[in-house]
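Asker: Dropping a prediction and its sequence here:
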Amino acid sequence: MEQKPFSDISYNQFLNEEKLMGSRCKKCGALFAPPRSVCTKCYNTEMEWVEMKGKGKLAAFTCIFVGPPFMIEEGFDRKHPYCSGVVELDEGVKVVARIEEVDASKPETIKVGMPLTMKFLHQGEGENLKTYLAFKPV
Amino acid sequence: MQKRRKLGRGVAIVGAGMSKFGMFKDKDSKDLFAEAFKECLESVSKGIDPKDIEALWLGNFSNDFFMHQGHWGPIISDLIGLAPKPATRTEGACAASTLAFRDGIFAIASGFYDIVLVGGVEEMSKRPTEEVTEGLALATVPYEGRVGFTFPGVFGAISTAYFEKYGATRDHLMNVTIKSHNNGRLNPKAQFNVSVRDMMNSRIARAKKKGEPLPAWKDEKEALWDPKFNPPVAWPMHLFDCCPISDGASCMILVPEDMAKNFTDDPIYVKGIGQGSGRGLHAAPSLTSFEANKNAAAEAYGMSGLTPKDIQFAEVHDCFSMAELVHMEDLGFVKEGTAFKAVAEGYTKLDGPMPINTSGGLKCKGHPVGATGVAQLYEVWEQLKGEAGGRQIPNKDLHIGAAQNLGGTGGTCTFTILERR
């Protein structure tokens, strides 16, 4: 794996390539996603990249009816809510992500604990490409 | 074992003021702070010469965003005639003014100053709801904002985790809301000084006037289950789970303990103060607790030598109904996973064993974020002095009260214990 800096910029570049990457402390083995450049368990600074498999389960979620302007631009509003959640990955770390392919207008149909698999939402192209991490039910 | 913390010298509050909270077309941040400052000076029972105030700490989260005007320290220092003495702005999202209070305490405890003013101000109502939502989301952690989380959304997610873990439901959150409104109804400075029942009645009256079908709610909870009355914001957070958008200001005068009686026969003493920091949802050790709360509580209990049992009443940061339950547990008022039952049993009502948010909380009093921390302490001050009017806690010899303030999504938490001797 190329030695990109263990930063949010790198994390987002990897998302553009449809990779969910974390960092692992070479000394104590602690795993972080998104990556950290300093291990907050043992304060070691020697890290290595680890690719997450993209499987996990829903740990918490919300269905948002009043979103910020950038989500409204995507077409979401009070009648068309979207779901955001916390996903506990099989690797044992948690990430926050959009939750897709669920009916956000019927939140009672969405269950904490449901198994999920990763997908990527791309927006824009070239230098303006932005990728949002998302998960969907298995 | 947490280190026992102590101040270099004790600190007392000798004056306190708070503007009315609300959405004001005809008042700006300066007007609101002037209102709070006037009351604060008048509350110093033996009088104080404003010229004797030596420095100001002012909490403000983001008038930069809300008003396109930053750098509020000197603006307020000029307003109150403090310039050219020092003015410092503190920022800790919705905990901004408790950080001002805490820095003021340290300034006195260190011996550097004797008389300082601390407070906060925020003016949020001049922008549309969606933009205020965006502005507040600046205080989530970056990963959360990017995937669409809003402030209510983060507390919505915390709710689903709590519901799953402990078996609570939206019905339990409604108990928090109804209780807050019953208290807020008794607070003339509250943005919503009406009960849920009052709001239902005005909705029914409006329908009658328009000749529309009348809502058939049996009680408050039926109304709160009705999405027309209580629409979802970030499920399971609905409108009545969320504090409003508010303008307001608050302030207090702090002095060393041994000078306090020069200003009043009845000062309120700082018994304990603590602060903590926390991480985003993805990195937090628990989705149903704030680690920053626990650190703040350990510092404040450690400094005061008190335990949760000694706290007679508290203001806690109910930016969302769910938050009130988490704070009660984090601060040790009840065991983890039991706050929703305690509230259902009336434990936290005004006349209950442990009144919580007698002011109406952020939900009803309002939440001008930078002013909130000191406004919570203002409520504790009023209750301890027996000056809370219709919402005075009944039948209790009050001497210990506390306030817990949360910034962001748990990134900053503070816990302050005040004492009347």
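Answerer: Looks like it arrived, so ask away. This structure is a prediction, so every number in the text was calculated from the model and none was measured.
Asker: And the pLDDT for residue A:1?
Answerer: Among the per-residue scores, residue A:1 shows a pLDDT of 52.
Asker: correction: residue B:2
Answerer: 62.
Asker: The closest residue to chain B within chain A - nearest residue in space that isn't next to it in sequence?
Answerer: Closest residue of chain A to chain B, CB to the nearest CB: residue A:62 (3.1 Å). Heads up, the C-betas are built off the backbone N, CA and C, glycines and all. Sequence neighbours aside, residue B:156 is the residue nearest to residue A:62 in space, at 3.1 Å (criterion: CB to CB, 6 or more residues apart in numbering or on different chains).
Asker: Then residue A:98?
Answerer: Excluding its sequence neighbours, the residue lying closest to residue A:98 (CB to CB, 6+ apart) is residue A:134, at 4.1 Å.
Asker: My understanding was that that neighbour contacts residue A:121; is that so?
Answerer: Yes - contact criterion CB atoms under 8 Å: residue A:134 and residue A:121 qualify, at 5.1 Å.
Asker: ok, the two, which is more surrounded?
Answerer: residue A:134 (21 against 15; other CB atoms under 10 Å in any protein chain shown).
Asker: which ones are touching the more buried one?
Answerer: Counting by CB atoms under 8 Å, 6 or more residues apart in numbering or on different chains, residue A:134 touches A:97-100, A:118-121, B:147.
Asker: Mind telling me the two of those residues farthest from one another?
Answerer: A:99 and A:120 (13.5 Å; CB to CB).
Asker: Would you mind naming what in chain B lies close to chain A?
Answerer: Residues of chain B lying close to chain A by CB under 8 Å from any CB of the partner chain are B:129-131, B:133-134, B:137, B:142-150, B:152-154, B:156-161, B:163-164, B:231-237, B:280-283, B:287.
Asker: Take the contacts of residue A:134 and keep only those in strands.
Answerer: In this view, the contacts of residue A:134 that belong to strands under DSSP state E are A:97-99, A:118-121.
Asker: Just the buried residues from these, in PyMOL please.
Answerer: In PyMOL, this line selects whichever of these come out buried by 16 or more other CB atoms under 10 Å in any protein chain shown:
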select buried, chain A and resi 97+98+99+118+119+120
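Asker: from the ones in strands among the contacts of residue A:134, which is closest to residue B:259?
Answerer: residue A:97 (54.8 Å).
Asker: If the closest one is in a bridge, with which residues?
Answerer: residue A:85 (DSSP bridges).
Asker: Distance from the lowest-mean-pLDDT helix or strand in chain A to the middle of the chain?
Answerer: Sorted by mean pLDDT, DSSP states H and E, the helices and strands of chain A end with helix A:69-73, the least confident at a mean of 91. Relative to its chain's centre, helix A:69-73 lies at 19 Å (CA atoms, centre = their mean, to the nearest Å).
Asker: which parts of chain A sit against chain B?
Answerer: Selection of chain A residues close to chain B by CB under 8 Å from any CB yields A:8, A:32-34, A:59-69, A:71-72, A:78, A:81-82, A:84-86, A:93-98, A:104, A:107, A:112-113, A:132-134.
Asker: Please, where are all the strands along chain A?
Answerer: So, for chain A - with DSSP E - the strands run A:21-25, A:31-32, A:47-51, A:55-64, A:82-89, A:94-99, A:115-123, A:130-137.
Asker: Per-residue pLDDT of the residue in the stretch 51-200 of chain B positioned nearest to chain A, please?
Answerer: Closest residue of the stretch 51-200 of chain B to chain A, CB to the nearest CB: residue B:156 (3.1 Å). Each residue has a pLDDT score; the one for residue B:156 is 98.
Asker: ok, now which ones touch it?
Answerer: Residues in contact with residue B:156 (CB under 8 Å, 6+ apart) are A:61-64, B:233-237, B:322.
Asker: what residue ranges in chain A score low on pLDDT?
Answerer: Filtered on pLDDT under 70, chain A yields the residue ranges A:1-2.
Asker: make it 90
Answerer: A:1-3, A:68-70, A:126-127 (pLDDT under 90).
Asker: same question, chain B
Answerer: In chain B, residues with pLDDT under 90: B:1-5, B:62-68, B:127-142, B:145, B:395-396.
Asker: any idea how far the residue of it positioned farthest from its centre is from chain A?
Answerer: The C-alpha centroid of chain B is most remote from residue B:211, which lies 40.2 Å away (CA atoms, centre = their mean). Noted for residue B:211: a distance of 26 Å to chain A, by CB to the nearest CB, to the nearest Å.
Asker: what about the strands in chain B?
Answerer: Under DSSP E, chain B gives strands at B:11-18, B:55-59, B:87-90, B:116-123, B:232-235, B:237-238, B:247-256, B:268-277, B:313-315, B:400-407, B:412-419.
Asker: List of residues touching the longest helix anywhere in chain A?
Answerer: Counting residues, the longest helix found in chain A (DSSP state H) is helix A:8-16. Helix A:8-16 is contacted from outside by A:4, A:20-21, A:34-35, A:120, A:122, A:129-133, B:142, using CB under 8 Å, 6+ apart.
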